[in-house]
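# pasted the sequence and its predicted model underneath.
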Amino acid sequence: MKNTKALRTWLDDMKLNHPLVIAGPCSAETEEQVLKIAHELKDSDVNYYRAGIWKPRTRPGNFEGVGALGLGWLKKVKEETGMKTCTEVANAAHCKLAIENDVDLLWIGARSTVSPFIMQEIADALAGTDKIVLVKNPVNPDLALWLGGIERLYTAGIKNLGAIHRGFSTYEKTKYRNIPEWQIAIEFQNKFPDLPLINDPSHITGNREMIFDVSQTALDLNFDGLMIETHVDPDNAWSDAAQQVTPTKLKQIMEDLKIRKETDTEAAYKSSLDTLRAQINVVDGQLIDLMGKRMKVADEIGALKKQKNVAVLQSKRWNEILGNMILEGEQKGLSEEFVLRMFKAIHQESINHQEKIIKG
Ligand SMILES: O=C(O)C(=O)C[C@]1(C(=O)O)C=C[C@@H](O)C=C1
């Protein structure tokens, strides 16, 4: 699968003057709830009305969705409000039912994207469809697996494709429910700049207070749209209560978000940007130069250790360096997370250099 302009035809054809918006409840609970939310979202920027009817849950015993019954409710949403509809599909039977019931857009959840067998089953079930199909990132931060899933659909003749970035699972507790790892979304765009990419701040944050901030970051990073879970009574939602917003709040978020343009043609802007980018080029060159110098010193330490048969890894010394660098970084406005990541990478390269010498 190659990047082509044709990948974004379905989105371009919508001729939107704002990001694509998908909103609606995490789960369809009752017909009344589904219709009430839909009516409240009818006259807004929302392009597709979402409602999960088959819900993959971490543990058994939780509400797992109303099932096929909800498809009739989505049909009613379309009849009564004119809004297009979408839902998650996770196997061939779901795909068949969703298509039969004229759901307009289907998405594949993170727990399905991880499984090539499931992705192939879904691709075969949807083969040749002109429905829009969006693929959420797998739960683990694996870009190749994400793209591989999309490619299975493409190969099955599904051409109206896109991706949803919903963040990644971690063992450690963070302020996010699923950490965004924005770097993966950036790499995604580098590989497929024309494949529509939607952000799902609801699953990234797990917390309605953080949804605006993550949505703005997504727009600042050129995302094409947002999927935001919306409920008339979020606190009493049957699933994911903490991350849903009310329709009124959603409208406010859409109003407050700043939509950035790709670039600006004004001469003064271009010239200032060129000057600053020239400075960045110089500093980047210095960084590489310094890294090269640091690794030469590491090589010398490696040679010394080889003579005396001393281990490469020296945890005490390394932890001292890390502690000092975090403190120094803080004074220069660098986050602890960044300093840790950077120095862990430097340490690994230093170890690789010394390993070459000690084994040589
Ligand atoms: O100080 C050492 O012993 C080194 O080998 C250097 C260095 C480093 O790159 O700073 C590399 C490996 C050790 O684990 C600790 C530190």
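Yep, it's here.

# is it true that residue 177 touches residue 210?
No. Using C-beta atoms under 8 Å, residue 177 makes no contact with residue 210, being 9.4 Å away. (Glycine included, C-beta is placed from N, CA and C.)

# the chain - how does it break down into domains?
Following automatic domain parsing, the chain resolves into domains at 5-256, 267-359.

# of those, flag the one that's most buried.
Ranked by mean neighbour count under mean count of other C-beta atoms under 10 Å, the domains of the chain are led by domain 5-256, which reaches a mean of 19.

# end to end, how far does it reach?
30 Å (C-alpha to C-alpha, to the nearest Å).

# so residue 135 is in which element?
strand 132-136 (DSSP states H and E).

# got a list of contacts for that strand?
10, 86, 104-110, 113, 126, 146, 149-150, 153, 158, 160-166, 196, 198, 200 (C-beta atoms under 8 Å, 6 or more residues apart in numbering).

# any residues in contact with both of residue 177 and residue 210?
With C-beta under 8 Å, 6+ apart as the test, residue 177 and residue 210 reach no residue in common.

# which stretches in the stretch 1-150 of the chain count as helices?
Using DSSP state H, counting those that start in this stretch, the helices of the stretch 1-150 of the chain run over 9-12, 31-41, 69-81, 92-100, 110-113, 116-126, 143-155.

# I should have written the stretch 251-360 of the chain there, sorry.
Under DSSP H, counting those that start in this stretch, the stretch 251-360 of the chain gives helices at 267-308, 315-331, 336-359.

# can you tell me how far residue 159 is from residue 133?
10 Å (C-beta to C-beta, to the nearest Å).

# enumerate the residues of the chain near the ligand.
298, 301, 312, 313, 314, 317, 318, 321, 347, 350, 351, 354 (C-beta under 6 Å from any ligand atom).

# recalculate using a threshold of 5 Å.
301, 313, 314, 317, 318, 350 (C-beta under 5 Å from any ligand atom).

# can you redo those residues as TSV with pLDDT and distance to residue 18?
As requested, those are exported to TSV (pLDDT from 0 to 100; distance: C-beta to C-beta, whole Å):
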residue	pLDDT	distance to residue 18
301	98	56
313	97	53
314	97	55
317	97	54
318	97	49
350	98	48
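
# what is the end-to-end distance of stretch 184-203?
16 Å.

# bridging residues for residue 225?
For residue 225, the beta-bridge partners are residue 20, residue 198 (DSSP bridges).

# how about the contacts made by it?
11, 19, 20, 21, 22, 47, 196, 197, 198, 199 are the contacts of residue 225 under C-beta under 8 Å, 6+ apart.

# what's the farthest-apart pair in those residues?
In the contacts of residue 225, the most distant members under the criterion C-beta to C-beta are 47 and 197, with 15.3 Å between them.

# about what we covered before: dump the contacts of residue 225 to TSV, plus pLDDT.
As requested, these are exported to TSV (pLDDT from 0 to 100):
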residue	pLDDT
11	98
19	97
20	98
21	98
22	98
47	98
196	98
197	98
198	98
199	98
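
# could you find the closest non-adjacent residue to the one residue in the chain that gets nearest to the ligand?
Nearest residue of the chain to the ligand: residue 350, at 3.2 Å (C-beta to the nearest ligand atom). Setting aside the residues directly before and after it, residue 350 is nearest to residue 298 in space (C-beta to C-beta, 6 or more residues apart in numbering), at 4.1 Å.
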